[in-house]
Structure formats: structure tokens, C-alpha cells
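Asks: need a 3D model of the sequence below.
(chains A and B)
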Amino acid sequence: NAGVMQNPRHLVRRRGQEARLRCSPMKGHSHVYWYRQLPEEGLKFMVYLQKENIIDESGMPKERFSAEFPKEGPSILRIQQVVRGDSAAYFCASSPSQILNTEAFFGQGTRLTVV
Amino acid sequence: AQSVTQLDSHVSVSEGTPVLLRCNYSSSYSPSLFWYVQHPNKGLQLLLKYTSAATLVKGINGFEAEFKKSETSFHLTKPSAHMSDAAEYFCVVGPGTNFGNEKLTFGTGTRLTIIP
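Replies: Predicted coordinates:
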């Protein structure tokens, strides 16, 4: 059973471009979470999704950021018109049920650099 | 609301000596608590978790942590440090009995350095 797969591992974008980050959860997991890690900081919650539904996006910036988890395929975190401050490591996690009952399994992250 | 404080940003110990990484939490509910480890340029790996069962939790690689409600602490320990333990460690508080809240709240991390 492969772990949580994120791609790309590294992504470089120029200011104003779009960044698309992909996350394939572990087999059988229907809960996906996205976290952002700024340099020298812990991870900060962004969004929680189940298949075809955004459950909690309270940590997501109101503009330029969006997330989806379609019925088929990976979850996508999309950042439009990237700025230097978006440079960070973005981690995806998945779980088979709600976190209060289990643990979250993290991917290796996508390191976004905006130049 | 929930929060977590890791009391040391850096800890250095000699190989073969004990490790203590300190963590205090705050939660309006009975929390779940986790320790994750992050090696350079890698993802996060779960070391151990507390979910209201035994207060002394044993994890992987010889690590353990004790949940102390009276002190709101969840310190991570290991009797004898190994060079491979050098990494960043995150204390994390989860929703516990706060149904409907799916957020994990991370501490700012403790960087553990092992001196040969």
C-alpha cells in the first residue's frame, strides 16, 4: 500500500503564474488535508476535503487559493497568480476516517519556490 | 480552541544520553496528542499518539511520551539517543472529543542535534 503521494516534489514558478499541487491519498482514504509550512515554522492547517466536498477551508487564504478532491483522481491545491510569500512547503495528509479516531498520514510535500 | 507550545526550539544531546523534548498543550476538549518527526527534506512520520487510552505511550524507535493532564504536558523522551535521531520534532494537538473539528495544530518544532 503506497503512502500519500504528492507531486511534484519541487515546483518553481515566476510571480504571477499558477501553481498546481497534486495529492493522491493512501488507498481507502477518503479524507484529505492540506497544510503549509513556512520556513522555520510548524505546519498550518489550510483545508479539509472529502470526496467532492470541501468540509473546512478556514485556513485557506480567501483569494488566489482553491482546493478540490474530485470523485476520480487526486486532490489538487491550486494557487493562482503566485507571489513570493507563497514560497513554502505544502503537505498533504490523508486518513481513513475522521482524525479524532485515527491518525493522519503525510506525504513528502511539495516545495514551491516563487521567483 | 487548541494550541501547543514546544518549549525548546533546539536541543543538543550526546549520542547514548537521554533525550527530552518538552511540549505543553491547551485544549477546550479532551485532546488527542501526537509527536511527528521530520527528517531534512522529507515528509512527516508519526512517532506516537495519545487518544485517551494509556497515559504512557510507546512509539517507534524507542521513543515514548507521557500524557499529564494536571500539567497539560506531553513530553517526548528516549533513554539513549542515536545519531539517526537528528531531525525536527513536532508536537501536535488533535481534536480529541471536539467532534466536527478536523484540524491538527502543530507546535513550532524542536530541532534535535546529536553530538557524536
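
Asks: spell out the residue ranges of the strands in chain B.
Replies: B:2-6, B:10-14, B:19-21, B:23-27, B:32-38, B:44-50, B:56-58, B:64-68, B:73-78, B:87-94, B:105-106, B:110-115 (DSSP state E).

Asks: of those, which is nearest A:Gln6?
Replies: strand B:44-50 (11.9 Å; CB to CB). No exception for glycine: its C-beta is placed from N, CA and C like everyone else's.

Asks: mind listing what's buried in stretch A:49-63?
Replies: For stretch A:49-63, a neighbour-count test (16 or more other CB atoms under 10 Å in any protein chain shown) marks A:49, A:56-57, A:59-60 as buried.

Asks: ok, of the residues you listed, which one's closest to chain B?
Replies: Taking CB to the nearest CB as the measure, chain B lies nearest A:Asp56 of the buried residues of stretch A:49-63, at 6.0 Å.

Asks: correct me if wrong: that closest one contacts A:Gln50.
Replies: No: here A:Asp56 does not reach A:Gln50: they are 10.2 Å apart, not a contact under CB atoms under 8 Å.

Asks: and A:Tyr90, bridged to which residues?
Replies: Per DSSP bridges, the residues bridged to A:Tyr90 are A:Arg36, A:Thr110.

Asks: got the residues of chain B near chain A?
Replies: B:32, B:34, B:36, B:41-46, B:49, B:51, B:90, B:94-99, B:101-109 (CB under 8 Å from any CB of the partner chain).

Asks: kindly recompute the last result at 10 Å.
Replies: B:4, B:6, B:9, B:29, B:31-32, B:34, B:36, B:38, B:41-46, B:48-49, B:51, B:88, B:90-92, B:94-109, B:111 (CB under 10 Å from any CB of the partner chain).

Asks: are any of these buried, and which?
Replies: B:4, B:6, B:29, B:31-32, B:34, B:36, B:38, B:43-46, B:48-49, B:51, B:88, B:90-92, B:94-96, B:98, B:101-107, B:109, B:111.
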